[in-house]
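*Asks:* what follows is a predicted protein model with its sequence.
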Amino acid sequence: MSQTPRKRFGQHFLHDRDVIKRIAAAIAPRPDDTLVEIGPGEGALTAALLRRLAHLHAVELDRDLVPRLRARFGAALSVTQADALHFDFAALAPPQGDLRIAGNLPYNISTPLIFHLLDSTAQIRDMTFLLQREVVERLAAAPGGKDYGRLSVMVQYRCAVDRLFRVGPGAFSPPPKVDSAVVRLRPYRVPPHPAQDEAHFARLVAHAFTQRRKTLGRSLRTLLTPAQFAVAGIDPMRRAETLSVAEFAALSDAAGIPADRRGLT
């Protein structure tokens with residue numbers, strides 16, 4: 001018996017068989033992969049994945065769904081009732097750190113969940129998600145557009161972003177009021193534009209986009225001096241949405257240059 005989706009969990013259960021097959025084919029799990037599904041719901045994608053996998057992990061918040069999933073899939077599925085926003089995904093990674101993650105993510109937690117997962121990218125091979133199309137556009141956005149922001153920079157710093165295909169509202173029950181899309185995030189083993197201090201890089205990016213309408217010279221005046229902008233080769237009259245990931249890394253590194261090396265007294 002199916003369950004009525006709960007609005008407070010942002011549940012939109014996937015039911016379109018063709019879309020489910022297409023997502024499973026995009027993930028293309030091998031039988032011995034260590035794969036975690038976030039938010040399996042009633043198990044539509046779960047069943048498709050277990051036709052290719054010997055075993056699957058799952059994290060499900062809705063406690064009413066957990067016993068149903070266990071009864072349906074038995075020992076082939078290890079399901080944990082937990083909030084994915086606080087779940088330690090790295091703990092499930094195999095010794096070689098080759099964890100794979102997938103899921104139809106609830107719209108109301110997708111962005112904070114992606115930020116949470118970025119902390120574990122050293123143990124992750126890839127992540128394939130069904131998301132609100134607007135979020136996918138932000139993940140993949142290039143500098144200069146309205147979709148480009150903090151999420152774009154922080155994800156692209158750590159991952160290659162592959163937009164795969166769109167999914168219409170009719171693939172879900174109940175149908176959402178927006179289009180969705182499937183995206184794959186592939187963490188870099190070494191970021192192409194590494195910052196010397198990643199914590200400072202994250203703070204600088206967050207600060208820049210909090211006041212994105214201001215010039216960088218104004219929004220980052222508590223973090224960078226005019227001389228540091230000059231060292232990085234960045235015009236302080238530019239705005240945050242115009243900077244590439246490499247330029248943000250250069251700004252972050254310039255902020256750490258000692259005073260005697262940047263011509264300051």
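*Replies:* Perfect, I can see it now.
*Asks:* name the element the closest residue to residue 38 other than its chain neighbours belongs to?
*Replies:* For residue 38, ignoring the flanking residues on the chain, the nearest one in space by Cβ to Cβ, 6 or more residues apart in numbering is residue 103 at 3.4 Å. Every C-beta, even on glycine, is put in place using the N, C-alpha and C of the backbone. Using DSSP states H and E, residue 103 sits within strand 99-104.
*Asks:* and that strand, which strands flank it?
*Replies:* Neighbouring strands of strand 99-104 in its sheet, by DSSP bridges, are strand 35-38 (parallel), strand 124-132 (parallel).
*Asks:* now those in CSV, with mean neighbour count, distance to residue 252 and mean pLDDT?
*Replies:* Output for the strands paired with strand 99-104, formatted as CSV (neighbours: other Cβ atoms under 10 Å; distance: least, Cβ to Cβ, whole Å; pLDDT from 0 to 100):
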stretch, mean neighbour count, distance to residue 252, mean pLDDT
strand 35-38, 24, 30, 98
strand 124-132, 23, 23, 96
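*Asks:* assign a three-state SS to residue 165, would you?
*Replies:* At residue 165 the chain is in strand, as set by DSSP: H, G, I helix; E, B strand; the rest coil.
*Asks:* that one and residue 128: what is the separation?
*Replies:* From residue 165 over to residue 128 the distance is 11 Å, taken as Cβ to Cβ, to the nearest Å.
*Asks:* over to residue 51?
*Replies:* For residue 51 relative to residue 128 (Cβ to Cβ), the value is 16 Å.
*Asks:* show the pLDDT at residue 262.
*Replies:* We note a pLDDT of 40 for residue 262 in this prediction.
*Asks:* for the residue nearest the centre of the chain, give me its contacts.
*Replies:* The residue lying closest to the centre of the chain (Cα atoms, centre = their mean) is residue 114, at 3.1 Å. Shown in contact with residue 114 (Cβ atoms under 8 Å, 6 or more residues apart in numbering): 129, 139, 151, 155, 185.
*Asks:* buried residues in the helix or strand it falls within, which are they?
*Replies:* Residue 114 belongs to helix 110-118 when assigned by DSSP H and E. Residues of helix 110-118 classed as buried by neighbour count (16 or more other Cβ atoms under 10 Å): 110-111, 113-114, 116-118.
*Asks:* now the angle from it to strand 99-104?
*Replies:* If you take axes from the mean of the first three to the mean of the last three Cα atoms, to 10 degrees, helix 110-118 sits at 170 degrees to strand 99-104.
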